[in-house]
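*Asks:* 3D model of this:
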Amino acid sequence: MAEIIEFTDINAPELAMYRPMREGQLLHFCEPEAGVFLAESPKVIERALRGGYEPLSILCERRDITGEAADVIARAGVPAYTADSDLITELTGFRLIRGAICAMRRRPLPAPDELCRGARRIAVLENVVNPTNVGAIFRSAAALGIEAVLLTDTCSDPLYRRSSRVSMGTVFQVPWTYMSGALTDMKLLHGMGFKTAAMALVKDSVDIDDKRLNSEERLAVILGAEGDGLSEQTIAASDYTICIPMSNEVDSLNVAAASAVAFWQLGKKRI
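*Replies:* Alright, predicted model coming up:
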């Protein structure tokens, strides 16, 4: 049974993980052991637990011990620290929105070829630095048939608190790992047997409903950052450049919205 601990001192060492920290500090918090991340909201925590992540402790408002957070507290089986809302806000630097936040241990990431073995449709994110966009892309990937996500090492961390919350915990369901470098490793993708489809606004793009795309046995859909989009090198080395036909002189969609359209059209699985 989980131990419920009332606290009054926000400087207590056992609460250190919940104080305002940069993601890099959490990543290296337990060195030489694996780093830490924070999962916020009972649904996100539940999906992380189902995904096999190890909980270290939970923080929640007093009212949520027997309310919204009760089930995850019981399942996690780790100390649950509690106080009133104002003291928790003083500790964390933000107001808890959805009942609880859980400190969890990171796991080693697999190599890209191990992650993608057997996958037919994957997404590749190049320099997508906005954590909200990363979370929304994962949610679309989980819902629309994408079996793995690869990220360049300039992308926002999928385990960043905002990313995992926006994803509704799907970052713990869709397998993912990083590629080495700031740009997409096209040799790696082609070496794994994927045809590559870069989403880009260039003259020789094909429409996203082009029959050749869905006929590919293995396809990697590559998406770039807001504003700058994909690098010229990535576009030039791709097997296809694809675009979404649009109306009313709109030239592009937010990358998260574009990912949902692409995954629906190109994913092998159907709802």
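
*Asks:* From R107, how far out is the residue nearest in space to the middle of the chain?
*Replies:* With distances taken as CA atoms, centre = their mean, the chain has P158 as the residue nearest its mean C-alpha position (3.0 Å). Per CB to CB, to the nearest Å, P158 is found 12 Å from R107. In this view, the C-beta of every residue, glycine as well, is placed from N, C-alpha and C.

*Asks:* shouldn't G224 be in contact with S231?
*Replies:* Yes - G224 lies in contact with S231 (CB atoms under 8 Å); the separation is 7.3 Å.

*Asks:* So if I had to pick from the two, which one is more boxed in?
*Replies:* G224 (24 against 19; other CB atoms under 10 Å).

*Asks:* what lines up beside the helix or strand containing that one in the sheet?
*Replies:* Assigned by DSSP states H and E, G224 falls within strand 219-224. Paired neighbours of strand 219-224 in the sheet (DSSP bridges): strand 121-126 (parallel), strand 195-199 (parallel).

*Asks:* Looking at these, which one is packed in the most?
*Replies:* Ranked by mean neighbour count, these are led by strand 121-126 with a mean of 26 (mean count of other CB atoms under 10 Å).

*Asks:* Could you give the average pLDDT over stretch 37-56?
*Replies:* In this model, stretch 37-56 has a mean pLDDT of 94.

*Asks:* cool, and stretch 149-166?
*Replies:* Averaging pLDDT along stretch 149-166 yields 94.

*Asks:* what comes up buried for it?
*Replies:* Of all the residues in stretch 149-166, those buried under the rule 16 or more other CB atoms under 10 Å are 149-152, 155-166.

*Asks:* between these, which is nearest H190?
*Replies:* If you rank the buried residues of stretch 149-166 by distance to H190 using CB to CB, L150 comes first, at 13.2 Å.

*Asks:* thought the closest one was touching T177?
*Replies:* Yes - applying CB under 8 Å as the test, L150 and T177 come out as touching, 6.4 Å apart.

*Asks:* list residues touching both of these two?
*Replies:* P112, L115 (CB atoms under 8 Å, 6 or more residues apart in numbering).

*Asks:* hmm, back to that, next, show the common contact partners of G224 and S231.
*Replies:* Joint contacts of G224 and S231 (CB under 8 Å, 6+ apart) are E126, N127.

*Asks:* Setting the sequence-adjacent residues aside, check what's closest to D239.
*Replies:* K195 (4.5 Å; CB to CB, 6 or more residues apart in numbering).

*Asks:* hey, what's the one you found bridged with?
*Replies:* Beta-bridge partners, per DSSP bridges, of K195: L219.

*Asks:* State the pLDDT value of it.
*Replies:* You'll see K195 listed with a pLDDT of 96.
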